[in-house]
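1. structure, please.
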Amino acid sequence: MFRRILKKIGKSLLALFVLFQCYVLARLYLFASCVIPTYSMAPTLLGGDYIIASLRIPGRRIWEEGSCGRPIIHREEGIRRVRKGDVVVFNFPYFSDPNKMKLESKLYYCKRCIAIPGETYEWEWHSKNFQVYLPCSGDELTIDSLNYKDYRKCIEYETGNSLVRSGNVILLGDSVIHSYRFCQNYYFMRGDNAADSYDSRFWGMLPEDFILGVGRFIWFSRDKKSGKFRWKRMLRKI
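-> Below you'll find the model as predicted:
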């Protein structure tokens, strides 16, 4: 009798161990779970929603320590590129310094991709019109006194050098430049609740390196104020 009990306990523990290993592997290679803290993506996502983001769609990232503390990102082949309209989970580029882009794993944002590499995105803010071209990897763009601010953070992130204007001359480090060939693809992200969203309209373009995954469904939801479960939102496709 005692042996049978021990045998059952052993089988149960083994099953739990196998399930745990499967979960760990899935988290490493297939998906990430993220909580939505604000209402910037309302009504699609609400504060207190927990979502599953697919790592396989854009391809899983592999980090390698680079020079000057900047990581080098290798990405496995994914199912497809991020598309316009995808809900994307990404590393927020300005966690430490609002003027310097840096890849850190401490803070994730979730926004909708509304423009992809190769597109020009236009928007209006406080009665002013803005537009920006989103570079593709390999694009060589003219950099001048009119547009250098649009691309300064991106170029400084890619090169590690400062991009400044001196009169009508643009300096990258100590060298005068007239054009620049981009290494990354860039995306434009915005919250569905545009009036209450801190997104690319404020902090600029998002490099592909920063993308973690594409949101697929809400697996759990709880109202942050009342503490009540939102059953109707659970297992809802994004």
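2. what about this structure, any weak spots by pLDDT?
-> Of all residues in the chain, those with pLDDT under 70 make up the ranges 1-30, 66-69.
3. show me which strand runs longest in this structure.
-> Of all the segments assigned as strand in the chain under DSSP state E, the longest by residue count is strand 211-221.
4. residue contacts, residue 63?
-> 71, 72, 73 (Cβ atoms under 8 Å, 6 or more residues apart in numbering). From N, CA and C alone the C-beta is placed, and that goes for glycine too.
5. so which elements touch the longest strand of the chain?
-> strand 31-35, strand 49-54, strand 87-91, strand 236-237 (3 or more Cβ pairs under 8 Å, 6 or more residues apart in numbering; DSSP states H and E).
6. ok so, going back, filter the contacts of residue 63 down to the ones in strands?
-> Where the contacts of residue 63 overlap with strands, as defined by DSSP E, the overlap consists of 71, 72, 73.
7. I'd like these laid out as a markdown table, including neighbour count and distance to residue 99.
-> What follows is the ones in strands among the contacts of residue 63, written out as a markdown table (neighbours: other Cβ atoms under 10 Å; distance: Cβ to Cβ, whole Å):
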| residue | neighbour count | distance to residue 99 |
| --- | --- | --- |
| 71 | 16 | 20 |
| 72 | 12 | 23 |
| 73 | 17 | 22 |
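8. ok so, going back, now the longest strand of the chain: buried residues?
-> With burial defined by 16 or more other Cβ atoms under 10 Å, the residues of strand 211-221 counted as buried are 211, 212, 213, 214, 215, 218, 220, 221.
9. any idea how far the closest residue to the first one other than its chain neighbours is from residue 142?
-> Spelled out, it's residue 211. Ranked by Cβ to Cβ, 6 or more residues apart in numbering and with sequence neighbours excluded, the top spatial neighbour of residue 211 is residue 90, at 4.9 Å. From residue 90 across to residue 142, the span is 28 Å (Cβ to Cβ, to the nearest Å).
10. out of those two, which sits in the busier spot?
-> Taking residue 90 and residue 142 together and counting by other Cβ atoms under 10 Å, residue 90 has the greater number of neighbours (24 against 12).
11. still on that earlier bit, okay, the angle between the longest strand of the chain and strand 31-35?
-> Following axes from the mean of the first three to the mean of the last three Cα atoms, to 10 degrees, one obtains 60 degrees for the angle between strand 211-221 and strand 31-35.
12. does residue 114 belong to a helix, a strand or coil?
-> Recorded secondary structure, residue 114: strand (DSSP: H, G, I helix; E, B strand; the rest coil).
13. now do the helices in this protein.
-> 2-29, 148-159, 200-203 (DSSP state H).
14. report the inter-axis angle for the longest strand of the chain versus strand 87-91.
-> For strand 211-221 against strand 87-91, the angle by the same axes, to 10 degrees is 120 degrees.
15. put the alpha carbons of strand 211-221 into PDB.
-> Below are the C-alpha coordinates for strand 211-221, written out as PDB (Å, rounded to 0.1, in the frame of the first residue of the first chain):
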ATOM      1  CA  ILE A 211      10.200  43.800 -31.300                       C
ATOM      2  CA  LEU A 212       9.500  40.900 -29.000                       C
ATOM      3  CA  GLY A 213       6.400  39.400 -30.500                       C
ATOM      4  CA  VAL A 214       2.900  39.800 -31.900                       C
ATOM      5  CA  GLY A 215      -0.200  39.700 -29.600                       C
ATOM      6  CA  ARG A 216      -2.500  36.800 -30.300                       C
ATOM      7  CA  PHE A 217      -5.100  36.500 -27.500                       C
ATOM      8  CA  ILE A 218      -6.100  37.600 -24.000                       C
ATOM      9  CA  TRP A 219      -5.700  34.700 -21.600                       C
ATOM     10  CA  PHE A 220      -6.700  36.400 -18.400                       C
ATOM     11  CA  SER A 221      -8.300  39.700 -17.400                       C
END
